[in-house]
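Sequence first, then the predicted structure:
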Amino acid sequence: MPWLAVVLGVVLGARAEDAPPASALPEEDVPPAEEVVVEDAWSRVRPGQRVITDEEVDRAGSLTLAQALERDVAVTASCGARGERQFSVRGFDQKQVAVLVDGVPTSVPYNGFVDLGKFPAAMLEEARILPGASAGLYGPVSLGGAVEIRTAPPPDRPQAWARTRMAWHGAVETDASAGGGRGPLAVRVAGGARSTPGTPLSASFEPTSREDGGTRDASNGRSSDLRTQARWDLGRGGRISLGANYVTGVWSVPTGLYDYPIRYWRYTDFHDLGTSLRHEAAVGRHLIVEESAFYLLNQNVLDAYDDVTRLTQEETGSWHSLYQDDRVGGVAQATAALGDPDDPWARVRARFFLDRQHHHSVPDRGEPAVDISTVVWSGALSAERPAGRAPGGFAGLEVDGEVPVQDAAFTPAPTFVGPVAGLRWSALDRVDLEASVARRARFPTLKERFSSARGYRLPNVDLGPERAWHMGLDAAIRVADPLAVGLSLWDAEVEDLIEEVVLDGGEVQLQNVGRAEIFGGEGGLRILPVETLTLDATGAFLRARRRDADPPDDRLEYRPAWQSRVTATWLPGGRWEAEVTWQAVGPQSFYEENLGQWGTLGWIDTWDAGLGYRPVRTALVRLQVQNVLDAHVQLRYGYPDPGRTVWCTVEIGG
């Protein structure tokens, strides 16, 4: 049904589905966050920003954080050669988007990615997608915006729950959480384990020489995770929060159907640890201060084998590599209310960020270790006037820099200065408008500067940052009590894109040579035809083209031209709940390196459905079917997604 996706994309242009508080309803209708001593940044939601909640994720049956984010039409994700679920936001790939979990930056310093497909959706309480000019000031990693993920905070009263999911194809997931508070102290501990013998392919998949269908080759894996948070209220001294998230596992990497050379890979050891310590307090009635420190460790062993059995490593092209990346840093922020602190006419915020990044690797047994380090810093000053004092607005300035901390020749990225500004207008508690502009940058990763890609290309230690001007126009309109509409238009002019260049001698090197335009729109509506039924319809269109190349080489890979999503949610308020979702994506271009030519992945549409029943208040049974019609889904050339999967969930507690 591609025609329906086109109609939705043209008529709507954006979305309000996943987060009516974020993109479809005025700020006054956002459910209040848990009351704390100081202002909760999660309660500040603007047009163009999206919120995805744990209730939505549970009803949809999302298994990972990546799947949870894919509920937004601004987000596209697919698995590639390393088996990682990588996503893009409005045409900007993952290393161009800042990703934070409980305020901790989660991307690996070496390549700028974090595989959210390895993190369970059970850890999510709320996620915010902050694209383009609507994002805040996040430093030199937010060329295309930011994604903020928040895990569940410690509860004030004793609380516990446990959940088990079982799939028809043999996968099993178990999660549990317990916590409570006494006096000034509150604690939560949660964790889980999961395993899969492999994911099923669609019955319409056509076998190839590398994949005969049925269960996807080398898609098996197992993992476990542990999460803990503690909060200590200090009275007038504010609040201290401590958090830690840990994931470990073993995953095989499915072989690409058409790639050369053929890869038989496996993550034989994987560890990811993120920790943070935060203090926040009110100083008088007009000033709020926040200080936090974080530490991130990502370590994995990636093995390349001789053949499909993944047992031996004797031939040329096999290897045993160790990668270990760590980040340690901190953030200091102060926010001042000007005028009456209960109804200020403006807020001024100052922020400083410092991040030391280190990469250690051993490419293969017997090879010398590689160690690279750098320090990135960012300072920002911004002012915000509430929209209720029409007209509202905001303005800010960010300065980013880098200091190398190693002996090897290393040209630090030039200091970047990025302004951001916008105007807001609200009327009758039904209309919110925002126009914004921002200048953003992304410093090159350590891999882009130093890696030779196993002899494929020359390093470039002089590589500079990518830069972009963002312009956005966002509207959130509540037409009537049962109907809300959200609209967004944006344009990003990108320069100094990092692209491969063939030198005179035939060698390949990454250089800042690219320019691109990424233009698009999103729209969505939410309607409640009856009290117990909610209908969400959203659509998006995207035009992404390089300005430094002629057709057909002006295309940017894996940026779908259209996306649409329609969801019907039935919540009668008793024992039953149900949800049905239709989603369409496509078409999108890709470059086939082995043939040296461009190709196009066509339209893909899928249906998901779920039904839940509560036999008692503290128990829930769910049946969820993803890809109900067993469609053949290929969002990246040569890497098919799962066919129909059926899950049964049993949950107790709450």
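Happy to help now that I have it.

I'd guessed G330 sits against A293; true?
Yes - G330 lies in contact with A293 (Cβ atoms under 8 Å); the separation is 4.4 Å. Glycine gets a C-beta too; all of them are placed from N, C-alpha and C.

Which elements pack onto the helix or strand where L535 lies?
Using DSSP states H and E, L535 sits in strand 533-546. Judged by 3 or more Cβ pairs under 8 Å, 6 or more residues apart in numbering; DSSP states H and E, strand 533-546 is in contact with helix 2-12, strand 508-530, strand 562-570.

right, and the helix or strand after the first one?
Read it as helix 2-12. strand 50-53.

So for the helix or strand that that next one is followed by, what gets flagged as buried?
Later in the chain than strand 50-53, the nearest helix or strand by DSSP H and E is helix 54-60. Within helix 54-60, the residues that count as buried by 16 or more other Cβ atoms under 10 Å are D54, E56, V57, D58, R59, A60.

about what we covered before: most packed of the helices and strands packed on strand 533-546?
strand 562-570 (a mean of 21; mean count of other Cβ atoms under 10 Å).

For the stretch 551-654 of the chain, give me the ranges with low pLDDT.
Along the stretch 551-654 of the chain, segments meeting pLDDT under 70 are nowhere present.

change it to 80
654 (pLDDT under 80).

helix or strand for E495, which one?
Per DSSP H and E: strand 483-502 holds E495.

what about stretch 463-473, distance to the chain center?
On the basis of Cα atoms, centre = their mean, to the nearest Å, stretch 463-473 is displaced by 19 Å from the centre of the chain it belongs to.

Other residues contacting that stretch?
Defining contact as Cβ atoms under 8 Å, 6 or more residues apart in numbering, one finds that stretch 463-473 is touched by 48, 96, 132-134, 140, 143-144, 413-414, 416, 433-444, 448-449, 488-498, 510-512.

now the residues you listed: which count as buried?
48, 96, 132-134, 140, 143-144, 413, 416, 433-444, 448-449, 488-492, 494, 496-498, 510-512.

ends of stretch 58-78, how far apart?
End-to-end span of stretch 58-78 (Cα to Cα, to the nearest Å): 21 Å.

mean confidence for it?
Taken as a whole, stretch 58-78 has an average pLDDT of 92.

Any buried residues in it, and which?
58-78.

Sort out which of the residues you listed are in strands and list them.
V75, T76, A77, S78 (DSSP state E).

Show me which pair in those is furthest apart.
Using Cβ to Cβ, these span at most 11.1 Å, a distance reached by V75 and S78.

pLDDT below threshold where in the stretch 1-150 of the chain?
Ranges of the stretch 1-150 of the chain meeting pLDDT under 80: 1-49, 133-137.

my bad, the stretch 301-450 of the chain
Checking the stretch 301-450 of the chain against pLDDT under 80 turns up 386-391, 404-411, 427-429.

what about 90?
Applying pLDDT under 90 to the stretch 301-450 of the chain picks out residues 316-317, 339-346, 366, 385-393, 403-413, 424-433, 450.

And the helices in it?
All helices of the stretch 301-450 of the chain, identified by DSSP state H, counting those that start in this stretch, fall at 446-450.

Show me the strands in the stretch 151-300 of the chain, by range?
Ranges of strands in the stretch 151-300 of the chain, per DSSP state E, counting those that start in this stretch, are 159-167, 172-182, 185-196, 221-233, 239-253, 265-283, 287-304.
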